[in-house]
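In: Please find the sequence and the predicted model below.
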Amino acid sequence: MLPSRTGPRKASRGTTATPGSAGHTMPRPQLAAARNIAKVALLLGGFAAAFTVLGWWLGGARAGGVLLVVALLSSGMLVYSGDRVILGMLGARELLPAGAPAFASMVKRLARRVGTGAVKLAVIDDGHPRALAVGRTPNRSTLVVSRGLLSMAAPAELEGVVAHELAHVRSWDVLVQTVTVVITGATLEMSRFGLVFQQVLLVVLGPLAASLANLMLSPRRDLAADAAAAAACESPAAVADSLLHLDHASGLVNFEANPATEPLYTINPFADEGIAAMFSTHPPLAERVRLLRAMDDEAQATSGQDSAQP
């Protein structure tokens with residue numbers, strides 16, 4: 001691992017928003033799913049093609065064919081086992097429903113509302129409140145929460161965070177996030193082989209890995225997940241409060257992790273400095289909160305009009 005030791009980071013100010021963001025339109029889940037599958041197929045296809053060309057250049061057709069087979073097998077293992085790699089990287093362990101029955105019941109209820117299949121549960125035994133989802137399909141995914149989140153979040157805020165992550169599962173964001181994080185995390189780890197030249201390799205490999213993360217993961221995926229979570233919870237304000245709570249808690253608790261894992265979390269838990277700043281794939285928190293507040297105002301206005309009609 002190449003952990004980013006950020007320490008307690010300053011909470012974001014939720015008072016300024018990106019201009020012109022009110023016009024965001026959220027893609028339908030089916031369109032987002034197709035887009036994510038295509039992204040992963042193109043990424044892995046590109047790697048297979050690059051390995052084939054490299055083998056052809058080094059040793060002709062036979063070497064090219066061998067490296068093609070190796071690339072295809074590696075791609076299959078990456079898709080099939082990438083979630084387990086990340087769970088091991090984070091030190092997450094399975095959370096049985098019997099160990100947290102109320103939480104498991106809430107996840108099951110929200111999964112039905114969001115429109116995804118049943119997910120496995122896992123827990124990280126540390127105090128930093130965070131959640132994430134990994135997997136390859138909506139029926140083969142794992143929702144991960146930390147003990148800090150389970151103990152600190154109010155029920156309505158916990159629902160908002162969980163619904164956000166389940167929305168990523170429904171739209172197949174988990175597939176592209178899982179594959180991308182494994183590749184970029186491994187790229188950063190390669191700098192360790194540089195020994196005395198580790199920092200030089202990190203300067204070269206860090207931007208390459210960050211560029212791939214930003215190419216594969218659009219900030220719009222989080223805006224769409226926020227909107228889906230607000231619909232599932234029937235309370236955009238609760239989702240906005242959950243984001244602000246997570247951001248505030250990030251300013252109180254030390255956090256250390258591989259910066260390549262940034263795309264997995266509900267909000268960016270890293271300080272905006274050093275190599276971690278290059279991996280920022282989330283939209284500004286202020287923009288997310290503003291859009292959710294606008295949704296809540298619109299819902300209340302519509303409800304008031306309906307109640308005013310005779």
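Out: That came through fine. Residues are numbered from 1 along each chain as shown.

In: Run through this structure and note the low-pLDDT ranges.
Out: Applying pLDDT under 70 to the chain picks out residues 1-27, 194-197, 303-310.

In: What's the end-to-end length of stretch 114-133?
Out: Stretch 114-133 has its terminal residues 14 Å apart, counting by Cα to Cα, to the nearest Å.

In: Buried residues, it. List them.
Out: 114, 116, 119-124, 126-133 (16 or more other Cβ atoms under 10 Å). Heads up, the C-betas are built off the backbone N, CA and C, glycines and all.

In: Those residues in helices, which ones?
Out: Per DSSP state H, helices hold the following members of those: Val114.

In: and Ile275, helix, strand or coil?
Out: Under DSSP: H, G, I helix; E, B strand; the rest coil, Ile275 falls in the helix class.

In: what number of residues lie near it?
Out: 20 (other Cβ atoms under 10 Å).

In: Need the max-distance pair from the buried residues of stretch 114-133.
Out: Greatest spacing in the buried residues of stretch 114-133, by Cβ to Cβ: Thr116 and Gly127 (28.4 Å).

In: now, which of the buried residues of stretch 114-133 sits nearest Leu212?
Out: Ranked by distance to Leu212 (Cβ to Cβ), those are led by Leu132 at 18.9 Å.

In: That closest one is in contact with Pro263, isn't it?
Out: No. Counting by Cβ atoms under 8 Å, Leu132 does not reach Pro263; the two are 9.0 Å apart.

In: what residues are up against Leu67?
Out: When contacts are counted by Cβ atoms under 8 Å, 6 or more residues apart in numbering, Leu67 touches Phe51, Thr52, Leu54, Gly55.

In: how close does it get to Leu217?
Out: 27 Å (Cβ to Cβ, to the nearest Å).

In: what does Gly115 give?
Out: From Gly115 to Leu217 the distance is 22 Å (Cβ to Cβ).

In: ditto for Met77
Out: 21 Å.

In: and Leu252, that's in a helix?
Out: No. Secondary structure of Leu252 (three-state DSSP): coil, not part of a helix.

In: what's next to stretch 108-126, contact-wise?
Out: Identification of contacts with stretch 108-126 by Cβ under 8 Å, 6+ apart yields 29, 87, 90-97, 100, 103-104, 107, 130, 133, 135, 138-139, 141-148, 150, 159, 162-163, 166-167, 169-170, 228-229, 232-233.

In: Mind checking which of the residues you listed are buried?
Out: Counted by 16+ other Cβ under 10 Å, these give 29, 87, 90, 92, 95, 100, 103, 107, 130, 133, 135, 138, 141-146, 148, 150, 159, 162-163, 166-167, 169-170, 228-229, 232-233 as buried.

In: So which of those sit within strands?
Out: Using DSSP state E, Ala133, Gly135, Ser141, Thr142, Leu143, Val144, Val145, Ser146 are the members of those that sit in strands.

In: any idea which of those residues is closest to Val182?
Out: Gly135 (12.3 Å).

In: Buried members of the contacts of Leu67 into PyMOL, please.
Out: The buried residues among the contacts of Leu67 can be selected in PyMOL (16+ other Cβ under 10 Å) with this line:
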select buried, resi 51+52+55
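
In: Just give me the closest of the contacts of Leu67 to Ala257.
Out: Phe51 (29.6 Å).

In: Please, which helix or strand holds the closest one?
Out: helix 29-90 (DSSP states H and E).

In: what angle separates that helix from strand 140-146?
Out: The directions of helix 29-90 and strand 140-146 differ by 60 degrees, with axes from the mean of the first three to the mean of the last three Cα atoms, to 10 degrees as the criterion.

In: Quick check: closest non-adjacent residue to Arg140.
Out: Once flanking residues are discounted, Arg140 sits nearest to Asp83: 7.8 Å by Cβ to Cβ, 6 or more residues apart in numbering.

In: which residues touch the one you found?
Out: By Cβ under 8 Å, 6+ apart, the neighbours of Asp83 are Val134, Gly135, Arg136, Arg140, Ser141, Thr142, Val174, Thr178.

In: hang on, Gly185 packs against Pro263?
Out: No. Look at Gly185 against Pro263 with Cβ under 8 Å: they stay out of range, at 10.6 Å.

In: Neighbour count: the two, which is higher?
Out: Pro263 (25 against 21).

In: Tell me the secondary structure of that one, please.
Out: helix.

In: pretty sure it is in contact with Phe270, am I right?
Out: No. Applying Cβ under 8 Å as the test, Pro263 and Phe270 come out as separate, 11.1 Å apart.

In: Between these two, which contacts overlap?
Out: Joint contacts of Pro263 and Phe270 (Cβ under 8 Å, 6+ apart) are Phe279.

In: what are the phi and psi values for Phe255?
Out: Backbone torsions of Phe255, given as degrees, to the nearest 10, read phi -140, psi 130.
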